[in-house]
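>>> please work out how this folds:
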Amino acid sequence: MSARRDLGLNDLVKFWQLITCYRHRSELWALRLAMQVPFLAMLPIAFIVIFWWCIAPLPVVLPIILLLENLGQFGGIVLAILAMPALLVLVLVAPWFFGWYGIAASLMFGRSTAARAREKALAEAIQGYRAKTVAAGSV
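Have a look, this model is predicted:
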């Protein structure tokens with residue numbers, strides 16, 4: 001009975017954790033590539049940021065926008081209301097975004113302390129996710 005009451009939220013949390021793990025893996029890949037070629041550090045980091053914040057949400061966001069635009073004035077009002085939380089998300093994501101570009105700039109100027117710390121944090125997060133999935137029995 002409790003499985004029916006959670007309304008699939010447990011599955012949604014697992015799916016979000018899987019997406020986060022893939023995001024962390026791609027960020028770790030970009031960071032390691034940026035550390036190998038510090039002069040071009042902005043390129044792999046920019047690629048990953050653009051992918052996760054512009055390309056990955058398109059299958060969800062684009063149909064919503066297209067449907068709302070075709071609803072006339074009501075769709076415009078709903079789209080304007082949905083734009084307010086979207087701006088809040090941008091404000092909340094800004095430290096993450098500029099943190100990555102700060103790391104890329106520091107790599108370009110020869111400092112790798114922040115990059116090494118982020119690399120360690122990402123590796124620990126990925127290991128934590130793997131340990132959690134192995135403990136749950138869903139390898």
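>>> every contact and neighbour count from this point should use C-alpha atoms.
Noted.
>>> so which residues of this structure form helices?
Under the criterion DSSP state H, the chain contains helices at 2-5, 9-36, 42-50, 58-69, 72-108, 113-136.
>>> what about the nearest residue to Tyr129 once chain neighbours are set aside, distance to Trp100?
Once flanking residues are discounted, Tyr129 sits nearest to Cys21: 6.8 Å by Cα to Cα, 6 or more residues apart in numbering. To Trp100, Cys21 is 17 Å away according to Cα to Cα, to the nearest Å.
>>> got it, and Leu82?
Using Cα to Cα, we find Leu82 at a distance of 27 Å from Trp100.
>>> for the nearest residue to Ala114 once chain neighbours are set aside, give me its contacts.
With Cα to Cα, 6+ apart as the criterion, Ala114 has its nearest non-adjacent residue at 6.0 Å, and that residue is Ile103. Residues in contact with Ile103 (Cα atoms under 8 Å, 6 or more residues apart in numbering) are 112, 114-115.
>>> I'd like the distance between the residue nearest to Tyr129 and Leu71.
37 Å.
>>> which of those two has more residues huddled nearby?
Higher neighbour count among Cys21 and Leu71: Cys21, with 19 against 12, using other Cα atoms under 10 Å.
>>> show me what contacts Glu119?
28, 31-32.
>>> from those residues, pick the one nearest Met42.
Nearest to Met42 out of those is Leu31 (Cα to Cα; 9.7 Å).
>>> wait, that closest one sits on Ala115?
Yes - taking contacts as Cα atoms under 8 Å, Leu31 lies within contact range of Ala115: 7.2 Å.
>>> buried stuff in stretch 12-31?
Buried residues in stretch 12-31, counting neighbours by 16 or more other Cα atoms under 10 Å, are found at 21, 23-31.
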